[in-house]
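1. Predicted model, plus sequence, below.
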Amino acid sequence: MIRRPTIAVLAGLCLAASAAPLPAAAVPVSAHTTAAAALAGPPGTPPGACPTGASYGSPLPSNSLTATKIRSGFNFLEGPVWVADGGYLLFSDMAPGTGPYNVQPSTIRRFTPPSTFDTFIANSGSNGLALSADGQQIIAATHDQRSVSAYRLSDRSRSTVAANYQGRAFNSPNDVAVRSDGVTYFTDPNFQRGNRPDQMYGRTSVFRVSGGQVSLVDDQLRQPNGIALAPDGSTLYVGAYSENKIYKYTVQPDGTTGARSVFVNYIGGPDGVTIDCAGNVYWASGSDSLVHVYSPTGAQLGTIRPGFSGTTNVAFGGPDRQTLYITSGPWGDSGLYSVRLNVPGYPY
């Protein structure tokens, strides 16, 4: 997610660093209390996102789709997440940088279909958003504090999930993914670091939070952005924005990751991402403004066009979770779009 971002698994050893990580607040783990929880997802999926044993055909009605604009005129939208309990979509709206450090203010806004918009959390400092494992909090990549935060939906109170790595401040956490057991993965490019000091020695990285510990996944990617976990929990996907590549990592049962390999040589700057219940991957492009849809093997299935500038992120929503919501548009006129698809998917 450029100028923002734009989403993965259990506790474990740090693959790329040997020093002991510093503790950070753990993401809560419990059963989702909504009716959607009756659809038990396979390991890795958000609670209630995907039914077990289902089979699916083609996810796209055609290989080239156009999304419908719901509303534009926002500053710069990112990080949509569907909250099934309330039947609404949350997303971050970032403004231009301010103050001596040129940090971008951000607000979490809410869209309640068919047409109601309001402010959900002012001064959220957020970019990418996801649901906690218990469905009661929003897990947010928060560049204002260079952290990962949790916002409780009931009272909108804020707590910290990851404050730093080995005592060093992150650059500007961008996007997050939360496994059904509460383990959180996030990307840390420097898009929203502003003029604050670099404490990561020029590296932009992927991290994991599990059991209150922050571990390094990979610090060799150039501007890692969107992040997502496959429905069976076996694969972590990360888009490297400045490399025009999407990488994948094999995920072990304890949440540690194997060596990365290339999933897609991507054209257009991979930003935010979501996945459907068949494992198809939907990646927003910051350059060509399309959403590129790939099969689990990396074959391109088609594209979705929401607009003509700055497509940043995607999430499934609606009562059947077959509506794909897309954030897209230029600075100062960013918008929210939607399109109906054939397969349900992740709420972020």
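-> All right, it came through fine.

2. Okay, now the unreliable bits of the chain?
-> 1-43 (pLDDT under 70).

3. Which residue ranges of it form helices?
-> Per DSSP state H, the chain carries no helices over any range.

4. Please report how far residue 73 lies from residue 335.
-> Shown here: residue 73 relative to residue 335, a distance of 7 Å by C-beta to C-beta, to the nearest Å. Every residue, glycine included, has its C-beta placed from N, CA and C.

5. So the two - more neighbours on which side?
-> Between residue 73 and residue 335, residue 335 has the larger neighbour count (other C-beta atoms under 10 Å), namely 21 against 10.

6. Could you tell me how far that one is located from residue 169?
-> Using C-beta to C-beta, residue 335 is found at 33 Å from residue 169.

7. can you check residue 103 too?
-> 13 Å.

8. shared neighbours, the two?
-> Applying C-beta atoms under 8 Å, 6 or more residues apart in numbering, one finds that residue 103 and residue 169 are jointly contacted by residue 196.

9. which of these two has more neighbours?
-> Of the pair residue 103 and residue 169, residue 103 is the one with more neighbours under other C-beta under 10 Å, namely 20 against 17.

10. Just confirm the more buried one contacts residue 194, I think it does.
-> Yes. Using C-beta atoms under 8 Å, residue 103 is in contact with residue 194, at 4.5 Å.

11. what do the two both touch?
-> Taking C-beta under 8 Å, 6+ apart as the contact rule, residue 103 and residue 194 both touch residue 97.

12. The stretch 101-250 of the chain: strands as residue ranges?
-> Under the criterion DSSP state E, counting those that start in this stretch, the stretch 101-250 of the chain contains strands at 106-112, 116-121, 126-131, 137-142, 147-152, 158-162, 175-178, 184-188, 204-210, 213-221, 224-229, 235-240, 245-251.

13. Could you tell me how many residues sit around residue 125?
-> 25.

14. Backbone dihedrals for it, please?
-> Main-chain dihedrals, residue 125, degrees, to the nearest 10: phi 70, psi 20.

15. Distance check, residue 336 against residue 89.
-> Residue 336 is 8 Å from residue 89, where distance means C-beta to C-beta.

16. Looking at these two, which has the bigger crowd around it?
-> In this view residue 336 and residue 89 are compared by other C-beta under 10 Å, and residue 89 has more residues nearby, 27 against 24.

17. Look up how far residue 242 lies from the closest residue in space to the more buried one that isn't next to it in sequence.
-> Nearest non-adjacent residue to residue 89, counting by C-beta to C-beta, 6 or more residues apart in numbering: residue 111, 4.5 Å away. To residue 242, residue 111 is 31 Å away according to C-beta to C-beta.

18. which of the two has more neighbours?
-> Remark: of residue 111 and residue 242, residue 111 carries more neighbours, 22 against 15, as counted by other C-beta under 10 Å.

19. OK, contacts around that one?
-> Neighbours of residue 111 in contact, by C-beta under 8 Å, 6+ apart: 70-71, 88-91, 117, 336.

20. Quick one: buried ones out of those residues?
-> 70, 88-91, 117, 336 (16 or more other C-beta atoms under 10 Å).

21. Could you identify the most distant pair in those residues?
-> Across these, no pair lies farther apart than 70 and 90, at 14.1 Å, counting by C-beta to C-beta.

22. ok so, going back, inside strands: which ones of the buried ones among the contacts of residue 111?
-> If you go by DSSP state E, the buried ones among the contacts of residue 111 have 70, 88-91, 117, 336 in strands.

23. Which of the residues you listed sits closest to residue 147?
-> For these, with residue 147 as the reference and C-beta to C-beta as the criterion, the closest is residue 90, at 18.5 Å.
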